[in-house]
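> Take this sequence and fold it.
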Amino acid sequence: MKIISKITNAIVITALILTASSCGDDDDGNVIIPTDDNIVAIATADSDLSLLVTALAAADGDLVSVLNGSGPFTVLAPTNTAIQAFLTANNYADISAVPTDELQQILLNHVIPGEVSSTTLTNNVAGYTETSSTAGPNGSTISMYYNTTNGVVFNGGATVSTPDIAASNGIIHKIDAVIGLPDVTTFATADPNFSRLVEALTAYSFDYVTTLQGDGPFTVFAPNNTAFDTLLDTDASWNTPSDIPELILENSLNIHVIPDSNFREINLVDGNLSGITGEITIDATAKTVRPEGTDTVNASNITTTDIQATNGVIHVIDQVMVLSPVIIPN
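Numbers count the residues shown, from 1 in each chain. Predicted structure coming up:
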């Protein structure tokens, strides 16, 4: 299923606003200070968000003006400590050293269209949503993974420190880290449902992680843990993915990655796609995928689509695709 409906252009434009100082000039050239308790006004009045205010004013896209819109927006607001840690880790002397276009997309990655409370997130336990960043291939909207089993955590690295600050045009959650723009490996490591996949990608001397952190783009059909457990159950000597013979595992992983592509669900039509090695067959109506030439009975169901990263898109499947026959050298 799609992780969230496409955001209309109007909402995307409006959702650019994060927490910031609202700056506009009146006829006399004086700065106009917002009088209502919207996201901009609340952020401006909070000394713990002063670096965020500075960042919003510095970024491309006039984000300050956008966040004065009607919304509603959910803003994940990094504190001063969080932003300073980001600057230090990336060797930026200050916010002015961050390229303004990059800063814009990073900030938009902290804005979720609509009003999402911590209670809503906790009730959902875990899942994916979309941010307002359009840093994906061809301007695709970036996804966000959240998990509430141990606090409210986004993309495996930013935890909500102060939730549910109400504003007239949305809600603010303070967070303790800047949420960087994700590549496809970000979601693989953040989502515990992919822990078996991570084990497979890092088995033997594979360099899949380095590859999938590259420019791409990649379309990844990602088997979940249940899919790998089903495969492991086919051989009593296989307890983890690293127990699967190297050639079998490598050939299998190769057909799950479609290089030089960002095929979202709308692009998955009946026919074949070329993996790193080998072909897979898509049945768009049945929402299944299988190695070319194999029986449809053994096809993998595509259970979640369009988990969008900056360098590609992930679709979750419920079975590991294995090339057959596989010849294992003596």
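> all contacts plus neighbour counts: C-alpha atoms, from now on.
Noted.
> can you map out the strands along the stretch 101-250 of the chain?
Ranges of strands within the stretch 101-250 of the chain are 111-113, 126-130, 143-147, 153-154, 158-167, 170-175, 218-223, based on DSSP state E, counting those that start in this stretch.
> could you redo the ones you listed as CSV and give each row distance to Ser261?
As requested, these are arranged in CSV below (distance: least, Cα to Cα, whole Å):
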stretch, distance to Ser261
strand 111-113, 26
strand 126-130, 20
strand 143-147, 17
strand 153-154, 26
strand 158-167, 29
strand 170-175, 33
strand 218-223, 5
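> Output the ones you listed in CSV, with mean neighbour count appended to each entry.
Conversion of those to CSV gives the following (neighbours: other Cα atoms under 10 Å):
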stretch, mean neighbour count
strand 111-113, 24
strand 126-130, 19
strand 143-147, 23
strand 153-154, 22
strand 158-167, 18
strand 170-175, 24
strand 218-223, 25
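> Arrange those strands in JSON lines, one row each, with mean pLDDT and distance to Leu56 as further columns.
As requested, the strands of the stretch 101-250 of the chain are exported to JSON lines (pLDDT from 0 to 100; distance: least, Cα to Cα, whole Å):
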{"stretch": "strand 111-113", "mean pLDDT": "97", "distance to Leu56": "12"}
{"stretch": "strand 126-130", "mean pLDDT": "97", "distance to Leu56": "20"}
{"stretch": "strand 143-147", "mean pLDDT": "98", "distance to Leu56": "20"}
{"stretch": "strand 153-154", "mean pLDDT": "98", "distance to Leu56": "21"}
{"stretch": "strand 158-167", "mean pLDDT": "97", "distance to Leu56": "18"}
{"stretch": "strand 170-175", "mean pLDDT": "98", "distance to Leu56": "15"}
{"stretch": "strand 218-223", "mean pLDDT": "98", "distance to Leu56": "31"}
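> Now that we're looking at Ile328, what pLDDT does it have?
Predicted confidence (pLDDT) for Ile328: 44.
> Okay, domains of this protein per the record?
Taking automatic domain parsing as the criterion, the chain consists of the domains 9-175, 186-317.
> need the least confident one among those, by mean pLDDT.
Mean pLDDT is lowest for domain 9-175 among the domains of the chain, at a mean of 87.
> Do a quick rundown of the helices in this structure.
In the chain, the helices defined using DSSP state H lie at 9-14, 39-45, 50-58, 63-66, 80-89, 100-108, 118-124, 184-190, 195-201, 208-212, 225-232, 246-255.
> can you put those helices in TSV and add distance to Asn138 and mean neighbour count?
Compiled in TSV, the helices of the chain are given as follows (distance: least, Cα to Cα, whole Å; neighbours: other Cα atoms under 10 Å):
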stretch	distance to Asn138	mean neighbour count
helix 9-14	15	16
helix 39-45	30	23
helix 50-58	24	22
helix 63-66	21	23
helix 80-89	27	17
helix 100-108	14	21
helix 118-124	29	14
helix 184-190	16	20
helix 195-201	27	19
helix 208-212	18	15
helix 225-232	30	18
helix 246-255	24	20
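> Relative to Ser300, which of the ones you listed is closest?
Among the helices of the chain, helix 225-232 comes nearest to Ser300, with 9.0 Å by Cα to Cα.
> Does anything pack onto the closest one? Which helices or strands?
Where contact means 3 or more Cα pairs under 8 Å, 6 or more residues apart in numbering; DSSP states H and E, helix 225-232 is packed against helix 195-201.
> I'd say Gly312 and Pro182 touch.
No: here Gly312 lies out of contact with Pro182, judged by Cα atoms under 8 Å, at a distance of 9.7 Å.
> Between those two, which is the more surrounded one?
Neighbour totals were compared for Gly312 and Pro182, and Gly312 leads with 32 against 22 (other Cα atoms under 10 Å).
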